[in-house]
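Novice: what follows is a predicted protein model with its sequence.
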Amino acid sequence: MKTKKYFSTFIVLLLTAVQFVFGQDAAPAKEAVVAAAEMKCSGYTLTQGAYGSGNGAGARALSNFSGSISIGCSGGSTLTLTSVSAIVGFLPSGGTGRPLDQSYTNPSNSDYSNVLAGQLITVTLNAMFSNIGGQFIGNGPYAGKTVNEFLAIANNAIGGCQDNNFLGNFSDLTSTADMINQNYDEQM
């Protein structure tokens, strides 16, 4: 819920500045804009375990999914899951968060284990299903970045592509992705 708080605070400060520049005529709109901003901040995320369970909230979220999902980067390594059954077979993924050592298509979690890969697949699904990509990360080493900006940095890092915004710590990427996935865990 911290993301909601920070975004609402930002909107209040922005509207206060508008009110200062344009006078008191802007005051009645302030409450309506803050309420609308809070509504847009609501989200619904799931964890690796929910998507990987094959039932419950994860199954409902994946019920209309078709196509594939990939992490990593072009010019480097990728991990691609081409179906719902491949997603369920890969998640949850444990082990150590680290760069991909090669490109993978439809690995199961017993064939390849990488907690960062699992968390990034999950953040990507959450961004697709819940439209959280534009929300700002409120704390940690990637505070101030949007979820989409974080995904770009993390995908370049796990794929082995250069990114000047990568802080060099795969543990930080894993914990930030986990924080995003748990931020609105099964909430609306």
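Specialist: Arrived safely.

Novice: ok, now which ones touch Ala154?
Specialist: With Cβ atoms under 8 Å, 6 or more residues apart in numbering as the criterion, the residues that contact Ala154 are 71, 116, 120, 123, 173, 176-177. Quick note: C-beta positions are derived from backbone N, CA and C, even for glycine.

Novice: let's go with 6 Å and repeat that
Specialist: Remark: with contacts taken as Cβ atoms under 6 Å, 6 or more residues apart in numbering, Ala154 is in contact with 120, 173.

Novice: secondary structure element for it?
Specialist: Ala154 is located in helix 147-159, with elements delineated by DSSP states H and E.

Novice: and the helix or strand immediately after that helix in the chain, how far out from the chain's middle?
Specialist: Using DSSP H and E, the helix or strand that follows helix 147-159 towards the C-terminus is helix 170-183. If you compare the mean C-alpha spot of helix 170-183 with that of the full chain, they lie 8 Å apart, counting by Cα atoms, centre = their mean, to the nearest Å.

Novice: got the buried residues for helix 170-183?
Specialist: Neighbour-count burial for helix 170-183, counted by 16 or more other Cβ atoms under 10 Å, picks out 170, 172-181, 183.

Novice: rank those residues by pLDDT and give me only the lowest.
Specialist: Least confident entry in these, by pLDDT: Asn183, with 89.

Novice: who does the residue nearest to that one when sequence neighbours are not counted bridge with?
Specialist: The shortest distance from Asn183 to any non-neighbouring residue, by Cβ to Cβ, 6 or more residues apart in numbering, is to Thr45 (5.8 Å). With DSSP bridges applied, the residues forming beta bridges to Thr45 are Asp185.

Novice: identify the residues contacting Thr45.
Specialist: Taking Cβ under 6 Å, 6+ apart as the test, what Thr45 contacts is 126, 130, 181, 183-185.

Novice: now Ser85
Specialist: For Ser85, the contact set (Cβ under 6 Å, 6+ apart) is empty.

Novice: so how far is Thr176 from it?
Specialist: Summarising the geometry, the distance separating Ser85 from Thr176, computed by Cβ to Cβ, to the nearest Å, is 28 Å.

Novice: do Leu91 as well
Specialist: Leu91 sits 18 Å away from Thr176, taking Cβ to Cβ as the criterion.

Novice: hmm, back to that, turn the contacts of Thr45 into CSV, columns for distance to Thr78.
Specialist: Shown next, in CSV, are the contacts of Thr45 (distance: Cβ to Cβ, whole Å):
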residue, distance to Thr78
Asn126, 19
Ser130, 23
Asn181, 20
Asn183, 26
Tyr184, 27
Asp185, 27
